[in-house]
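1. this one's structure only:
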């Protein structure tokens, strides 16, 4: 792989880092809201949706990390 393509992939991993940070901030905010949910709402549909969203965001971060790893391996 030439340096031009390596630089392109380096830029891609930088963008993925930014995306991961954005998703992490959304995840942290959703988790904070869930953690501060009144006890009488913990079994509600809204609470379940929040838990599902948190799980999906965690999965998204894992997938972004996997993509970054693949790019790094490809550019080595």
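-> Arrived safely, thanks for sending. Note that the coordinates shown come from a computational prediction; the quantities given were computed from them, not determined experimentally.
2. Tell me how far residue 60 lies from residue 16.
-> When distance is defined by CB to CB, to the nearest Å, residue 60 is 11 Å away from residue 16. (Each C-beta comes from the backbone N, C-alpha and C, glycine too.)
3. what does residue 30 give?
-> Counting by CB to CB - residue 30 and residue 16 are separated by 21 Å.
4. pull the longest helix from the chain.
-> helix 3-35 (DSSP state H).
5. Quick check: which helices or strands does it pack against?
-> helix 45-75 (3 or more CB pairs under 8 Å, 6 or more residues apart in numbering; DSSP states H and E).
6. now the angle from the helix it packs on to helix 3-35?
-> 160 degrees (axes from the mean of the first three to the mean of the last three CA atoms, to 10 degrees).
7. Any buried residues in helix 45-75, and which?
-> By neighbour count on 16 or more other CB atoms under 10 Å, the buried set for helix 45-75 is 50, 53, 54, 57, 60, 61, 64, 68, 71.
8. The last one contacts residue 14, doesn't it?
-> Pointing back at residue 71 there. No. With contacts counted by CB atoms under 8 Å, residue 71 stays clear of residue 14, the gap being 10.5 Å.
9. Tell me, what's the model's pLDDT at residue 41?
-> Residue 41 is assigned 89 on the pLDDT scale.
10. residue contacts, it?
-> residue 47 (CB atoms under 8 Å, 6 or more residues apart in numbering).
11. now it: how far from residue 35?
-> Residue 41 is 12 Å from residue 35, by CB to CB.
12. Show me how far stretch 43-50 is from its chain's centre.
-> Relative to its parent chain, stretch 43-50 has a centroid offset of 21 Å by CA atoms, centre = their mean, to the nearest Å.
13. Other residues contacting that stretch?
-> Here stretch 43-50 has contacts from 30, 33, 34, 37, 41, using CB under 8 Å, 6+ apart.
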